[in-house]
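**Student:** this one's sequence-less:
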Ligand code: GTR
């Protein structure tokens, strides 16, 4: 079936019409040298690939460290009926007269020392992830949504708990994990506007938008995840924890990029991340580079526009993004009805990252054929496709917890 999205380029949902394409080999350098050792991978090819993703896809993050002011805003040892501690911290970044505040919400299991922590963004504010009246509401711009009871571009009391179905907090705590939640709009409001969010704090004088090969919003959100890790690593309650980058959809693209950039993430999880996340660009199935650049011009670097309808020219594909996470475990989840995100392309990217995992003596996905629905595969690369739509469900969380447990044993 080929559908036309409002007079734009056709959207392909037909496996049989995918044009043959070639994937760049993660284990051959651009100068044609074959990589046969971890040392050569880490010293030659990995930096080369990382730089290609910066230069061509997500943009470089400008140099310069910003050290935030840290304030504990609230804490309680008696959250979630007494089984968890809640702690809320504000990280405030200031530069050149600009100020950005990031609210970090933590739920930590009371019975576990150094619990592994899922670190993940949400779409509408921390207050939406749980029905907990103590959660602080951000002042940052928020997309209006009737479902979320948000009408004036700012989080509301009525939005509390509206997205709790996406966060299996009880399961997470009961299994001995903690959750660190952040609102992505605190770091960069999700709109095509580079005068807000973190970007202006890094502008040189006279600059009003990132350079063509500099970060878009995904780069900014990935930067924010690393700043949260900086914080967690110096808080005595969380500094000895393991950190798991988690994200759904555009925020799954972000968790993969954050995990590639920052090796302090021990495990990386992408839920239904699709185009620009886990899915292979070169299949051009479902959402394409042209569609994503048209609809979300602010997500990638401007240099990425060169690949709209020219995926074959890309010197990378998303199997190499996952290869950047190696040897750390990476998990990719798809949903059967989420064809826009190209479930098979998500699986294949994981599969083709395998050779890099194998170089480390780790195990990739076993075959090029995706598993049937609801039959997770858990190697060092993990994958499942579940029944249902683009979303995060308890079934997804069950797999993430099981996958992390295997690796933290
Ligand atoms: C869609 C977009 C996808 C995905 C999704 C989301 O509209 O086309 O790439 O990121 O939004 O983030 O929910």
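**Tutor:** Perfect, I can see it now. These figures come from a predicted structure and were not determined experimentally. Numbers count the residues shown, from 1 in each chain.

**Student:** Next, find the distance separating the residue nearest to residue 157 when sequence neighbours are not counted from residue 385.
**Tutor:** With C-beta to C-beta, 6 or more residues apart in numbering as the criterion, residue 157 has its nearest non-adjacent residue at 7.5 Å, and that residue is residue 137. The C-beta positions use only the backbone N, C-alpha and C, and glycine is treated the same way. For residue 137, the distance to residue 385 (C-beta to C-beta, to the nearest Å) stands at 35 Å.

**Student:** sorry, back to before: I'd guessed the residue nearest to residue 157 sits against residue 156; true?
**Tutor:** Yes: Residue 137 is within contact range of residue 156, at 7.4 Å (criterion: C-beta atoms under 8 Å).

**Student:** Quick one: mean pLDDT over stretch 45-53.
**Tutor:** What stretch 45-53 shows for mean pLDDT is 98.

**Student:** So what touches it?
**Tutor:** 26-30, 35, 257, 260-261, 315-316, 320-321, 323-324 (C-beta atoms under 8 Å, 6 or more residues apart in numbering).

**Student:** for stretch 363-374, same thing?
**Tutor:** Outside stretch 363-374, the residues that touch it by C-beta under 8 Å, 6+ apart are 336, 343-344, 347-348, 350-351, 353-355, 357-358, 377, 379-381, 383-387, 395.

**Student:** Just the buried ones from those residues?
**Tutor:** 343-344, 347-348, 350-351, 353-355, 357, 377, 379-381, 383-386, 395 (16 or more other C-beta atoms under 10 Å).

**Student:** Where do the helices of the stretch 301-409 of the chain begin and end?
**Tutor:** Ranges of helices within the stretch 301-409 of the chain are 318-325, 343-352, 354-359, 394-408, based on DSSP state H, counting those that start in this stretch.

**Student:** what would those look like in a markdown table with mean pLDDT?
**Tutor:** As requested, these are exported to a markdown table (pLDDT from 0 to 100):
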| stretch | mean pLDDT |
| --- | --- |
| helix 318-325 | 99 |
| helix 343-352 | 98 |
| helix 354-359 | 98 |
| helix 394-408 | 97 |
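
**Student:** And the contacts of stretch 45-53, which of them are buried?
**Tutor:** Buried by 16+ other C-beta under 10 Å: 26, 27, 35, 257, 260, 261, 316, 320, 321, 323, 324, out of the contacts of stretch 45-53.

**Student:** which stretch of helix or strand covers the fifth one?
**Tutor:** Of the helices and strands defined by DSSP states H and E, residue 260 is found in helix 250-261.

**Student:** Which is the succeeding secondary structure element to that helix?
**Tutor:** Downstream of helix 250-261 (by DSSP H and E), the next one is strand 265-271.

**Student:** Which residues belonging to the next helix or strand after that next one are considered buried?
**Tutor:** On the C-terminal side of strand 265-271, the nearest following helix or strand under DSSP H and E is helix 289-295. Buried residues in helix 289-295, counting neighbours by 16+ other C-beta under 10 Å, are found at 289, 290, 291, 292, 293.

**Student:** Out of those residues, flag the one nearest to the ligand.
**Tutor:** Lowest distance from the ligand to these (C-beta to the nearest ligand atom) belongs to residue 292, with 5.7 Å.
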